[in-house]
Each structure stands twice: as structure tokens, then as C-alpha cells.
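A.B. asks: need a 3D model of the following:
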Amino acid sequence: MSKKKILCVADGGITVEIFSKMKELEEKYDVEVQIVEDEDMSAMGPITDRMLLIEQHGVDAAPNCSSLLENCKDADIIAVHVASVNKDVIAACDHLEVAAILRGGYENADVEALTANGTKVINAPWRSAEAVADFTVGMMIAENKNIARGHKLLFEGTWCKKYTNQAYIHNMRMCTVGLIGYGYIGSRVVERLKGFGSRVIVYDPFVDAAKLKEQGVEEVVTLDELLTQSDFVTVHLRLSEQTEHFMGKEEFAKMKETAYFINTARSGIVDTDALVEALKTRSIGGAAIDVYDEEPLPSDHPYLQLDNITLTPHLAGTSCDTMRCSVEIGYEEIERFLKGEEMLNVRN
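C.D. replies: Numbers count the residues shown, from 1 in each chain. All right, here's what the predicted structure looks like:
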């Protein structure tokens, strides 16, 4: 019986060096691990562009990775970062059993076609959860305490001690933070906020309130209660048909005039026009945004005309640890498969 083959496709994010951990499986199991490189994705700039392209237009919008197609014929397991695992890849494989998409989502995999092929699809759902949770709390503090705004003004030669939110700059222990979505990231945001002494309330449209209570959430509320009570509203939902423009004109109208809106998830969750209007009319206090409908952010974007918003260039998941965490999660899942155990992150 021939060895099972694991084909890993490295790029500028998950490099050959990081993927080399998969080689340890050769020492423990009767497998061959081959690592190839996606030369078109050798830097984070093209990788970010590719991710956005696929998120907005689907897996077939991106070109195939030639090194993946050339080496996948006898692969039993494929592990990729941003290389597409589409119908062309499936057709090129003789017996693909597992497709490991080492990202938080499955955007660069044709999940329907893979499932129909009998291939198990897994991902690395909490790979950037720690990084995004850190960043989310940082964005709350930056907008509330004018950290980024003050930094910018100093570089422009202005010593500013009074800001548009002067009347509602609060310490975090005096604030109520409302989380919409309590998954891998949301739960970690809650853990960090405990250290500040903030009151935390949670609403998740996809998880029963009783289940949230079982997971340790102290205050589970309705969406209306969250919007009307929170000093910070932060979203941690996946983008789907059910969540597109989840935050729109009606939702922003229910928020406090002094409340901040935070988005480190996906831009499509928010109706951008409605958010801009809420900020322009001061119907909410401010916002901190890391994701956009178009990236890079156009120079004429209305966000750039506002004085009550903190903007960052899609940095929330950026961390030296995220890519290694991705491979560690994939490694553990593939090891479960090789041992005949049930994998934890199989897409149903």
C-alpha cells in the first residue's frame, strides 16, 4: 500500500519554513509531505488582494495556482492558505480525501464541489482570534481616548487637548460593551474586557440564549437591548446572506448618541452609507473601522472627511503568530484524520 501524500501550498503568509512543521507527520505516520510554493502570492499585498477578490466575487474569480495543479494528482490531503481549491483542482486529483483551508473561513474553497466529491473540508477557524480580539479592544480605546487622532495631529504640528468626543470620554470600567456574535473572536474579546471591569452584554442571532449562558456569558440580551444600552457596539459575525448589512440605518438609529461602533470583522456586515450618515449627523458618537467595501480605501471615500472615526488598513488579524497558529491547527486536524479520529473543524 502506497504512502498517503500531503501536499502543502506555501505562500508569502504561510511560508515554506512555517509549513515545514507538517514534515513532522512523516516521522510519526506512513505519509509523504510535499511543500510547493504559490509564486504569485509571495507577499502579503497580493495575498490581501486575492482574499478580497474571492470574498467579493467567489472562488472562481481567482486564477489557479500552477504548482498546486501540477502536483496534486496523487495527493490524499491538500493544505493551502490562499491558493484556490476549486473544480479544476478536484478534477486533477485522483483521490483527494481532505482539503485543509488554513484560514478563518472557506472562501478559497469550492465547498459544495468538494463535499460532492466526498472530500472533507476543514479550516483554521480560530487562527487569528487572539490577534483580532487584541486589536478590537485596542480600537475601542484608540477611538474613545483619541490615541490615533492625537498622533496624527501631532505629526501635523497641532497640540490638541480637546476633541469632538470630549463630553463622553470614559474609562472602560464605566462602559457597557455590546458584542454582536460570540464565537472564537467574540469570546476572547469578552475575556480581555474582564480585566478592564467593563460590563459586557452579548447578542448572537445564531446561538440560543441558553447555550450562551452555558458558555459563561453573564448577560445575554436582545439586539434592541444591546443597541440601546451599549457604549461600544462591536460586531463579530461571519459575512453571509443572513448577515449582509446586518448593521444599517435602523440599527444605528437605536444606538446612543455617545456610542462607538467597532468593525474588525467584514465590511459587508455594515451598510457603509448608513454608518457614514450616522457619523456625519452625530447620531452616534464615533466609529473604529478596519475593513472596507473597497480596499485599498479610495482617497475620496467619505470616511476620510469625518473627524469622529479611527481607520486602520485591514490589520486586525495581522500577527507573526497567526500563520504559525494556522499550521498548528491544520497539523492537529490532519493528525486526527491519520489516526482515524473525528476532525473538529469539518465543514458540514
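
A.B. asks: look up phi and psi at residue 98.
C.D. replies: The phi/psi pair for residue 98 (degrees, to the nearest 10) reads phi -140, psi 130.

A.B. asks: ok, and the closest non-adjacent residue to residue 139?
C.D. replies: residue 288 (3.8 Å; C-beta to C-beta, 6 or more residues apart in numbering). (C-beta placed from N, C-alpha, C; glycine too.)

A.B. asks: quickly run through the sheet partners of the helix or strand hosting the one you found, with directions.
C.D. replies: Using DSSP states H and E, residue 288 maps to strand 286-289. Sheet pairing for strand 286-289, assigned by DSSP bridges, gives strand 260-263 (parallel), strand 309-311 (parallel).

A.B. asks: what is the burial count for residue 274?
C.D. replies: The number of residues packed near residue 274 is 17, by other C-beta atoms under 10 Å.

A.B. asks: list the contacts for the closest residue in space to it that isn't next to it in sequence?
C.D. replies: Sequence neighbours aside, residue 249 is the residue nearest to residue 274 in space, at 4.2 Å (criterion: C-beta to C-beta, 6+ apart). Residue 249 is in contact with 271, 274, 277-278, counting by C-beta atoms under 8 Å, 6 or more residues apart in numbering.

A.B. asks: most surrounded residue in those residues?
C.D. replies: When neighbours are counted by other C-beta under 10 Å, residue 278 leads the contacts of residue 249 with 25 neighbours.

A.B. asks: okay, the residue nearest to residue 274 and residue 203: tell me how far apart.
C.D. replies: Distance, residue 249 to residue 203, by C-beta to C-beta, to the nearest Å: 19 Å.

A.B. asks: one more: residue 214?
C.D. replies: Residue 214 is 16 Å from residue 203, by C-beta to C-beta.

A.B. asks: ok, the two, which is more surrounded?
C.D. replies: Shown here are residue 214 and residue 203; by other C-beta under 10 Å, residue 203 has more neighbours (24 against 9).

A.B. asks: show me the contacts for that one.
C.D. replies: Residue 203 makes contact with 178-180, 220-223, 225-226, according to C-beta under 8 Å, 6+ apart.

A.B. asks: which one of the residues you listed sits closest to residue 124?
C.D. replies: Residue 124 lies nearest to residue 179 out of the contacts of residue 203, by C-beta to C-beta, at 22.0 Å.

A.B. asks: helices and strands around the helix or strand where the closest one lies, which ones?
C.D. replies: Using DSSP H and E, residue 179 sits in strand 176-180. In terms of contacts (3 or more C-beta pairs under 8 Å, 6 or more residues apart in numbering; DSSP states H and E), strand 176-180 is packed against helix 184-194, strand 199-203, helix 223-229, strand 232-235.

A.B. asks: can we see that at 10 Å?
C.D. replies: helix 129-145, helix 184-194, strand 199-203, helix 223-229, strand 232-235, strand 260-263 (3 or more C-beta pairs under 10 Å, 6 or more residues apart in numbering; DSSP states H and E).

A.B. asks: how about the longest one: buried residues?
C.D. replies: Within helix 129-145, the residues scored as buried using 16 or more other C-beta atoms under 10 Å are 129-133, 135-140, 142-145.
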